[in-house]
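Q: could you work out the structure for the sequence below:
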Amino acid sequence: MNMQQMVQSMQKLQRQYEKEHKLLEEKEFSYTANGAIKLTLKGDMTFVNLEFIDKDILDKDNAEMVSDMIKLAYDHIKDEIGDAENEIANKFKMPGGFGF
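A: Numbers count the residues shown, from 1 in each chain. Alright, predicted model coming up:
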């Protein structure tokens, strides 16, 4: 393979990577914590929705518990998005550690 073919091949891989990453950024990720709240974010961490499934949880005495559930849901989704990003990155990793 000559240098020009190699550059073209790398450019094609980069376009494929960018396409897959863009799809990830638009994908919605949701997590339901304790059957009470459901948080939805996009793959670029944009907030989409916070749904209170169990309306009884909105009592003022539950404020700390609700906060903990939102954090739990956020952390879970953040990890799920991170795993998806790693999967894409590993798919396009080149021998010798090069990749996008």
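
Q: okay, which residue is most central for the chain?
A: Centroid check for the chain by C-alpha atoms, centre = their mean gives Ile81 as the closest residue, at 2.3 Å.

Q: distance from the helix or strand in which it is found to the middle of the chain?
A: Using DSSP states H and E, Ile81 maps to helix 63-91. Per C-alpha atoms, centre = their mean, to the nearest Å, the displacement of helix 63-91 from the mean C-alpha position of its chain is 7 Å.

Q: average pLDDT for that helix, rounded please.
A: Average pLDDT, helix 63-91: 95.

Q: that one: which residues count as buried?
A: Under the neighbour-count criterion of 16 or more other C-beta atoms under 10 Å, helix 63-91 has 66, 69, 73-74, 76-77, 81, 84, 88 buried. In this view, the C-beta of every residue, glycine as well, is placed from N, C-alpha and C.

Q: and the closest residue to the residue nearest to the centre of the chain other than its chain neighbours, what does it touch?
A: Leaving aside its chain neighbours, Ile81 sits nearest to Gly43 (5.4 Å; criterion: C-beta to C-beta, 6 or more residues apart in numbering). Taking C-beta atoms under 8 Å, 6 or more residues apart in numbering, we find Gly43 in contact with 24-29, 81, 84.

Q: ok, residues contacting the helix or strand where Val7 lies?
A: Here Val7 sits within helix 3-26, counting by DSSP H and E. The contact list for helix 3-26 (C-beta under 8 Å, 6+ apart) reads 1, 42-44, 81, 84-85, 88, 91-92, 94, 100.
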